[in-house]
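A.B. asks: Sequence first, predicted coordinates after that:
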Amino acid sequence: MDNVLLEIKHLSKVYEGKGVNVKALSDVSLTVERGETIGIVGESGCGKTTLGRCVVRGIDATSGEVLFHTDEGVIDFLKIKGAQMKKYRKDIQMIFQDPYASLDPRMTVFDIISEPLRYNTNLSNREIELAVEKIAEQVGLNKAYLRRYPHAFSGGQRQRIGIARSLILQPKLIVCDEAVSALDVSIQAQIINLLEDLQKEYNLTYLFISHALSVVRHISDRVMVMYLGRVVEFGKTEELFAEPRHPYTKALLSAVPQPDPDILVDRIILEGEVPNPANPPSGCHFHPRCAYATERCSKEAPPLEEQDGRLVACWNCEACRNKE
Amino acid sequence: MEMKDKTKKTPVRKSQEKKSDKYYYASQWQLMGRKFRKHKLAMISAFVLMIFYLIAILGNFIAPQGTEQYDGKYVNCAPTPVHLFHEGKFVGPFVYGLKMERDPVTYMAHFAEDTEKICRLRFFTEGDEGGEYKWFGLIPSNIHLFKAEDGKVFLFGTDNMGRDLFSRVVLGAQISLFIPVAGMLMTLVLGLAIGSLAGYFGGWVDTVIQRIIEVVRSFPQVPLWMALSAAIPKTMKPAQVFMLMTVILSLVSWPGLARVVRSKFISVKKEDFIMAARISGAPADKLITRHMIPSFLSYIIVDMTMAIPGLIIGETTLSFLGLGLRSPATSWGVLLQETNKLETIMFYNWKLIPMIFVFLSVLAFNFMGDGLRDAADPYK
């Protein structure tokens, strides 16, 4: 069996409004292997949340495929219906950013965690109870609290509830959409450790969407950098952090605060603001803010090309590297 | 463990913990109840309404006269005060006998108390002939709350046919207070169903429903009520008229509610917890009934409570105009029909008493709605 779990191919999403079409996601392709964690980073509005939601079918993608490698062959997760949907829906789950908005305040914690089981399995009430208790214990929730309502819990505990809900169906892939960014730093660490432990135990695959670069660096095997709906760079975490190639990645990484005050960083300050995605710049979306932009950049969009095992979308990578 | 030891030692802390524990286990409705109870005016209103509805439910027992009974001897009699003392001596609740007098100037007849004759009030006693009724339409009985021994007690006076106004107000409450609630429930069903369709599916379904709503809403409400009510055959039984009026009221008022439901649906569709339920495989019907409707039902109930006064006034208006129920069936609107003459207001002002009840119930519903609105979202 190949080790590929998911192939995202040419995924695009256009939000249609009155008179304006916002291309939130254009032609994103990505291959995910079993058991790995892919970090997806970028500024807010770059399309990373849209990508995650399209993959889990929280929203409908405009075009493209999400090929899911199952024991019965490859299926397009975006097109399956009926019985097939019922069978594979549970394999791709999601952890939400906002632990307050993502739990129905009118249901007890037990009902929230057990809900996916009721839709996807035919377990008896007793079996459901046992399953919920088991998963609650694993994510560090006290069994005695299961009959409480979400308003009784803090942000970190609520996120544990959300994790328990997404785990209870034993999915293969979990999209973590800013799963820790709403939490305190100390709680962030706890949740990330929890996610890592669970990954080991269940051989989970994560799409870890975040704007917190240090977190992504810690948890990811590979990192994808997005800008205005396009992938600009994709590579192994250590390589990418050690030597960013795309000018945008460079600027992004230089913004990470260094805990050691003796390390001097050449901070690259980007000029201007993120362009309006409803009316993106021509050619390479990044060219108006790029220090290395040439005339070509404003005319043609650079393709995502492989350079030494890494994917970069830039016309002038060589130039940027030489300049250093 | 340490915590537990501490709580044992300090009872104050224990009670505090119990309190917060209750809060943690409280469902949305329990949280709403807590908030509602803090709204004094709303609580008082709820209490008043409870009493009104209780009186309406027990109407046949509380009212000394049935709807068909009248006494031609006592036409347009003023309210008879209930006394406790006769010439300084305590005799318990009683009324004096009534004698007719004529005004020496205008020759108008009126009733005066005959202080020679004492009619004690008897409680839980057999009523007059014709006062028979059935408990909840099942158990026949003629027991009434009170009655004057060999005399007449008219707490609110009588009308121009000699019918006891108090009895008619009490029995009228059965219609005037229940038609709006029944109409509202029907409106709720219609509004929820149609609004859900429009809000959940969107697209052309939404467009078609929106246009229908616009057409229905563009009819002026009162003339539409009047036209529909005028179509009710005069020979119909009061129970059937009641049903039809309920239908008419809800047919006119569902579009407003459907719109509210639709907009709530559209806004709640974007909530994270709805997407979470969808991702976990919830089918459309479960999504609507388990997550979406419960998330805004409290707001809808507030809207409905606030809409009931309009329906009370609607029913009263229709009956007042002679388009709703007709005598001898009674409602507050029917009773107010008699007050459409200046003469009545000048000489028989007690006939305006039903208006006080319309006023009080409308006010109480509004205040209660206010309290409910404050409590509707306990998570803020």
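C.D. replies: Ah, there it is.
A.B. asks: Please count neighbours and contacts with C-alpha atoms only from this point.
C.D. replies: OK.
A.B. asks: give me phi/psi at the residue of chain A found nearest chain B?
C.D. replies: Chain B sits closest to A:Ser102 of chain A, with a gap of 4.0 Å, by Cα to the nearest Cα. Backbone dihedrals for A:Ser102, given as degrees, to the nearest 10, come out at phi -90, psi 0.
A.B. asks: pLDDT at the spatially most central residue of chain A, what is it?
C.D. replies: Nearest to the geometric centre of chain A sits A:Ile209, at 2.8 Å (Cα atoms, centre = their mean). The model reports A:Ile209 with a pLDDT of 93.
A.B. asks: Please apply the same query to A:Val265.
C.D. replies: Confidence for A:Val265, expressed as pLDDT, is 68.
A.B. asks: What's the local residue count around the residue of the stretch 101-250 of chain B found nearest chain A?
C.D. replies: Ranking the residues of the stretch 101-250 of chain B by distance to chain A (Cα to the nearest Cα) places B:Gly203 first, at 13.6 Å. Residue crowding around B:Gly203 was assessed by other Cα atoms under 10 Å in any protein chain shown; the count is 10.
A.B. asks: Same check on A:Ala242?
C.D. replies: 10.
A.B. asks: could you measure A:Val215 against A:Ile174, distance?
C.D. replies: 17 Å (Cα to Cα, to the nearest Å).
A.B. asks: cool, A:Ala313 as well?
C.D. replies: Applying Cα to Cα to A:Ala313 and A:Ile174 gives a distance of 27 Å.
A.B. asks: swap in B:Ser218?
C.D. replies: If you measure B:Ser218 against A:Ile174 using Cα to Cα, the figure is 51 Å.
A.B. asks: Those two: who's more crowded?
C.D. replies: A:Ile174 (24 against 9).
A.B. asks: Would it be right to say that that one lies in a strand?
C.D. replies: Yes: following the definition DSSP: H, G, I helix; E, B strand; the rest coil, A:Ile174 is counted among the residues of a strand.
A.B. asks: what pairs with it across the strands?
C.D. replies: For A:Ile174, the beta-bridge partners are A:Gln93, A:Tyr206 (DSSP bridges).
A.B. asks: Which positions in the stretch 1-150 of chain A make contact with chain B?
C.D. replies: Within the stretch 1-150 of chain A, the positions near chain B by Cα under 8 Å from any Cα of the partner chain are A:56-58, A:86, A:89-90, A:93-94, A:96, A:98, A:101-108, A:115-116, A:119-120, A:147-149.
A.B. asks: Spell out which parts of chain B neighbour chain A.
C.D. replies: Counting by Cα under 8 Å from any Cα, chain B comes close to chain A at B:23-28, B:271-283, B:291, B:294-295, B:379.
A.B. asks: Do you know the pLDDT at the residue of the stretch 101-250 of chain B closest to chain A?
C.D. replies: In the prediction, the pLDDT value recorded for B:Gly203 is 85.
A.B. asks: now swap in the one 3 residues further on and tell me
C.D. replies: According to the prediction, B:Asp206 has pLDDT 90.
A.B. asks: circling back to that earlier point, ok, of the residues of the stretch 1-150 of chain A next to chain B, which come out buried?
C.D. replies: Burial by neighbour count, judged by 16 or more other Cα atoms under 10 Å in any protein chain shown, picks out A:56-58, A:89-90, A:93-94, A:96, A:98, A:102-108, A:115-116, A:119-120, A:148-149 from the residues of the stretch 1-150 of chain A next to chain B.
A.B. asks: Sort out for me which of the residues you listed are in strands.
C.D. replies: Assignment to strands by DSSP state E places the following of those there: A:93-94.
A.B. asks: buried sites along stretch A:284-291?
C.D. replies: Neighbour-count burial for stretch A:284-291, counted by 16+ other Cα under 10 Å, picks out A:284-290.
A.B. asks: same deal with stretch B:262-280?
C.D. replies: Residues of stretch B:262-280 classed as buried under the neighbour-count rule (16+ other Cα under 10 Å) are B:262-266, B:268-269, B:272-280.
A.B. asks: what residues does that stretch touch?
C.D. replies: Counting by Cα atoms under 8 Å, 6 or more residues apart in numbering or on different chains, the neighbours of stretch B:262-280 from elsewhere in the structure are A:56-58, A:89-90, A:93-94, A:96, A:98, A:101-104, A:115-116, A:119, A:166, B:195-200, B:287, B:291-293, B:295-296.
A.B. asks: cool, stretch B:111-119 as well?
C.D. replies: The contact list for stretch B:111-119, computed with Cα under 8 Å, 6+ apart, reads B:77-78, B:80, B:94-101, B:148-152.
A.B. asks: Stretch B:247-260 too?
C.D. replies: If you take Cα under 8 Å, 6+ apart as the criterion, stretch B:247-260 is touched by B:180, B:183-184, B:186-188, B:190-196, B:213, B:216-217, B:221, B:224-225, B:228-229, B:300, B:303, B:311, B:314.
A.B. asks: And for stretch B:346-353?
C.D. replies: In this structure, residues lying in contact with stretch B:346-353 by Cα under 8 Å, 6+ apart are B:76, B:78-79, B:156-159, B:165, B:335-336, B:338-339, B:344-345.
A.B. asks: Now do A:Asp71, the pLDDT please.
C.D. replies: Note on A:Asp71: pLDDT of 84.
A.B. asks: Let me see the contact set for the residue of chain A closest to chain B.
C.D. replies: Residues near A:Ser102 by Cα under 8 Å, 6+ apart: A:96, A:162, B:271-274, B:276.
A.B. asks: Switch the residues you listed over to JSON lines; also include distance to B:Val170.
C.D. replies: Listed next are the contacts of A:Ser102 as JSON lines, based on distance: Cα to Cα, whole Å:
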{"residue": "A:Phe96", "distance to B:Val170": "57"}
{"residue": "A:Gly162", "distance to B:Val170": "55"}
{"residue": "B:Glu271", "distance to B:Val170": "48"}
{"residue": "B:Asp272", "distance to B:Val170": "50"}
{"residue": "B:Phe273", "distance to B:Val170": "48"}
{"residue": "B:Ile274", "distance to B:Val170": "48"}
{"residue": "B:Ala276", "distance to B:Val170": "52"}
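A.B. asks: Among those residues, which one lies nearest to A:Ser181?
C.D. replies: Distance ranking of those against A:Ser181, using Cα to Cα, places A:Phe96 first at 10.1 Å.
A.B. asks: okay, that closest one: pLDDT?
C.D. replies: 91.
A.B. asks: A:Lys172 now?
C.D. replies: In the predicted model, A:Lys172 carries a pLDDT score of 91.
A.B. asks: Could you report the distance from the closest residue to it other than its chain neighbours to A:Arg222?
C.D. replies: Distances taken as Cα to Cα, 6 or more residues apart in numbering or on different chains place A:Asp91 nearest to A:Lys172, at 5.0 Å, with adjacent residues excluded. A:Asp91 sits at a distance of 21 Å from A:Arg222 (criterion: Cα to Cα).
A.B. asks: What is the neighbour count of residue 220?
C.D. replies: Defaulting to chain A. 20.
A.B. asks: That was the other one, I meant chain B.
C.D. replies: B:Pro220 is surrounded by 10 other residues when neighbours are defined as other Cα under 10 Å.
A.B. asks: Sketch out the low-pLDDT regions of the stretch 1-150 of chain A for me.
C.D. replies: Applying pLDDT under 70 to the stretch 1-150 of chain A picks out residues A:1-2.
A.B. asks: what ranges do the strands span in it?
C.D. replies: With strands called from DSSP state E, counting those that start in this stretch, the stretch 1-150 of chain A shows them at A:4-16, A:21-33, A:37-41, A:63-70, A:73-76, A:92-95.
A.B. asks: can you redo those strands as TSV with distance to A:Lys134?
C.D. replies: Supplementary listing: these in TSV, determined by distance: least, Cα to Cα, whole Å:
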stretch	distance to A:Lys134
strand A:4-16	27
strand A:21-33	28
strand A:37-41	25
strand A:63-70	26
strand A:73-76	31
strand A:92-95	19
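A.B. asks: re earlier: quick one: which two of the contacts of A:Ser102 are the most distant?
C.D. replies: Across those, no pair lies farther apart than A:Gly162 and B:Glu271, at 14.7 Å, counting by Cα to Cα.
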